[in-house]
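> Below: sequence and its predicted model.
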Amino acid sequence: MGAGQDDVLILGGGVIGLACALQLRKAGASVRVLEQGLLGGGSSHGNCGTITPSHVAPLAMPGMIGVALRSIFRADAPLYLDPRLDGPRLRWLLGFARHCNWRDFEQAAWARLAILQRSRRLLEELVCEEPLDCEFSAGGTLNVYRGTRLYQTDGMQHAAMLERLGIEVQRLTGEQVEAMEPALKPGLAGGVLHPGDASLRPDRYVAELARCVRTRGGAIESNARIEGFVTEGKRISGVQTSRGRYRGSHVVMALGAWSPLLARQLQLRLPMQPGKGYSLTWSRPALVPRYALSLRDPSVCVTSWGGGFRLGSTMEFSGYREGLNRTRLDTLRRGAAANLREPEGAQLLEEWWGWRPMSVDEVPIIGVSTRWSNLCFATAHGMLGVSMSAATGELVASLLAGTPAMIDAAPYAPARFGL
């Protein structure tokens, strides 16, 4: 690494930024994380904490644009497109539509698979070696189907695709699912178990990553709002924040959904949009699921930890509109009530929304910029930031150190977008 106040400035203190910081410190680089608010305050906080190599399939596939357009008339649809006119969102949707074909679907699935599988292995190693106190469970995840038609179409197609990619799945009858998961109401059509998946408590994972970074000598600056960049030729020589100016030999942009907004100051147009997600966190009811569940009929994710119980999911494309959408939260509650014996705990602990950083091809953007010689991207992980975090950090550390990477970096390179 070159000289400077720090070897690497990492913009963003979410799960991706902190995972990058940890791997860079392990490689011997001095790092400073600049977080605009509180650590893990974005999508790293309110997600369901599943680690899912099973989620290799991108949303972009033939027919998905029709689904998105029809959702304009259903505010409670699992995938909802806000009808407001919005230039950047329209450009993103047109780009997304161009990727809704089987060739691009296949390419994206293989790219996502490589980083998901590497991250799954590496994350469990980190949990054991550091160790990380984040309620990690390697018990797998379970897709649950109540409707027979949905199970025979979505469920069987999903299972066949995973098997073709070499991912283990177990097809289950409704009776088998009910026997495995007493928290579910009876009358199920079937299920698909993903034994290679895992889960953890995301806020604890973020806190533990931050602890490890600090223990290893890394610096973390919270409430350091990024105000601008100082450039010299093709290099970023400084980052101006509300807490002063910082300098680093390398800059890693790990700002999640905020990446396109800050990248504009560097004359870069990232092909990304925020995909808004929601979650409800309750105190732990007496009967909680044994597995992390995906209730496929209502598209609701269910996870539980020692002190809580979370309902999450939904995808809303409404630009950078802030705030809770009560219709979306009510949809989560209805979906849980239709499927779980105890769909809520005694106390509602948190209603949450957050922006997922969605790239136009649904493959993360990781690698060194072609425009700025010392800028590295680590963003656009969509709904899979936690799942891809460990391998993203490892890949960034390898790229900046110039050492061989454990996975092929080419599918994630920003050069595919001229960045």
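Cool, the structure landed.

> So which elements touch the helix or strand hosting K276?
Here K276, judged by DSSP states H and E, is contained in strand 272-282. Helices and strands touching strand 272-282, by 3 or more Cβ pairs under 8 Å, 6 or more residues apart in numbering; DSSP states H and E, are helix 43-46, helix 87-98, helix 259-263, strand 308-317, helix 326-339, strand 348-359. Every residue, glycine included, has its C-beta placed from N, CA and C.

> and the fourth one, how far from the chain's centre?
For strand 308-317, the distance between its averaged C-alpha position and the chain's averaged C-alpha position is 12 Å (Cα atoms, centre = their mean, to the nearest Å).

> Given it, what are its sheet partners and their directions?
Pairing partners of strand 308-317, with direction, according to DSSP bridges: strand 79-81 (parallel), strand 272-282 (antiparallel), strand 300-305 (antiparallel).

> Past the longest one, which element shows up next along the chain?
This points to strand 272-282. strand 292-295.

> Tell me which residues are up against the helix or strand of the chain with the lowest mean pLDDT.
Every helix and strand of the chain was ranked by mean pLDDT, DSSP states H and E. The lowest is helix 64-70, at a mean of 75. Contact partners of helix 64-70, identified using Cβ atoms under 8 Å, 6 or more residues apart in numbering, comprise 77, 79, 81, 93, 96-97, 100, 317.

> ok, now stretch 294-305?
Outside stretch 294-305, the residues that touch it by Cβ under 8 Å, 6+ apart are 48-50, 78, 135, 141-147, 150-151, 154-155, 199, 201, 284, 288-289, 292-293, 309-314, 331-332, 334-336, 338-340.

> Tell me how far it lies from the chain's centre.
Per Cα atoms, centre = their mean, the centroid offset for stretch 294-305 relative to its chain is 16 Å.

> now stretch 292-305
16 Å.

> end to end, how far does that stretch reach?
Stretch 292-305 stretches 10 Å from its first residue to its last (Cα to Cα, to the nearest Å).

> quick one: buried residues of the longest helix anywhere in the chain?
Scanning the chain for the longest helix, with DSSP state H as the assignment, gives helix 102-129. Using 16 or more other Cβ atoms under 10 Å as the test for burial, helix 102-129 gives 104-105, 107-109, 111-120, 122-124, 126-127.

> same thing with stretch 90-104?
If you call a residue buried by 16+ other Cβ under 10 Å, then stretch 90-104 has these buried ones: 92-93, 95-96, 99-100, 104.

> Distance of R164 relative to N374?
Remark: distance between R164 and N374 (Cβ to Cβ, to the nearest Å) = 40 Å.

> quick one, which of these two is more surrounded?
Taking neighbours as other Cβ atoms under 10 Å, R164 and N374 compare with N374 leading, 20 against 10.

> What are the phi and psi values at that one?
When read as degrees, to the nearest 10, the backbone of N374 gives phi -110, psi 20.

> Now do the contacts for the nearest residue to L340 once chain neighbours are set aside.
Distance criterion Cβ to Cβ, 6 or more residues apart in numbering; nearest residue to L340, sequence neighbours excluded, is A183 at 5.8 Å. A183 is in contact with 287-290, 340-342, counting by Cβ under 8 Å, 6+ apart.

> Can you tell me which of those are buried?
Buried among the contacts of A183 (16+ other Cβ under 10 Å): 288-289, 340, 342.

> Just put those residues in JSON lines and tack on distance to P274 and pLDDT.
Shown next, in JSON lines, are the buried ones among the contacts of A183 (distance: Cβ to Cβ, whole Å; pLDDT from 0 to 100):
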{"residue": "V288", "distance to P274": "31", "pLDDT": "94"}
{"residue": "P289", "distance to P274": "29", "pLDDT": "96"}
{"residue": "L340", "distance to P274": "29", "pLDDT": "98"}
{"residue": "E342", "distance to P274": "33", "pLDDT": "97"}
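
> Considering those residues, which is situated nearest to G382?
P289 (24.3 Å; Cβ to Cβ).

> Thought V177 was touching the closest one, still the case?
No - P289 is beyond contact range of V177, at 11.1 Å (criterion: Cβ atoms under 8 Å).

> Could you tell me which residues touch both of the two?
Common contacts of P289 and V177 (Cβ under 8 Å, 6+ apart): L184.

> returning to what we had before: whichever of the contacts of stretch 294-305 end up buried, select them in PyMOL.
The PyMOL command for the buried members of those (criterion: 16+ other Cβ under 10 Å) is given here:
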select buried, resi 48+49+50+78+135+141+142+143+144+145+146+151+154+155+199+201+284+288+289+292+293+309+310+311+312+313+314+331+332+335+336+339+340
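
> Neighbours of L9, how many?
Neighbours around L9, by other Cβ under 10 Å: 26.

> quick one: the residue nearest to it when sequence neighbours are not counted from V8, how far?
Leaving aside its sequence neighbours, L9 sits nearest to G248 (Cβ to Cβ, 6+ apart; 3.5 Å). According to Cβ to Cβ, G248 stands 6 Å off from V8.

> what sits in contact with each of those two?
R32.

> S387 and G367, how far apart?
Per Cβ to Cβ, S387 is found 19 Å from G367.

> and L81, how many neighbours?
Neighbours of L81 using other Cβ under 10 Å come to 21.

> hang on, isn't R247 packed against D6?
Yes - counting by Cβ under 8 Å, R247 touches D6, with 7.1 Å between them.

> who's more crowded, these two?
Neighbour comparison, R247 and D6: the larger count goes to D6, with 20 against 16 (by other Cβ under 10 Å).

> Hmm, the more buried one is touching S30, no?
Yes - between D6 and S30 there is a contact under Cβ under 8 Å: 5.0 Å.

> burial of L262, as a residue count?
Around L262 there are 20 other residues, counting by other Cβ under 10 Å.

> scratch that, V300
Counted with other Cβ under 10 Å, the neighbours of V300 add up to 28.
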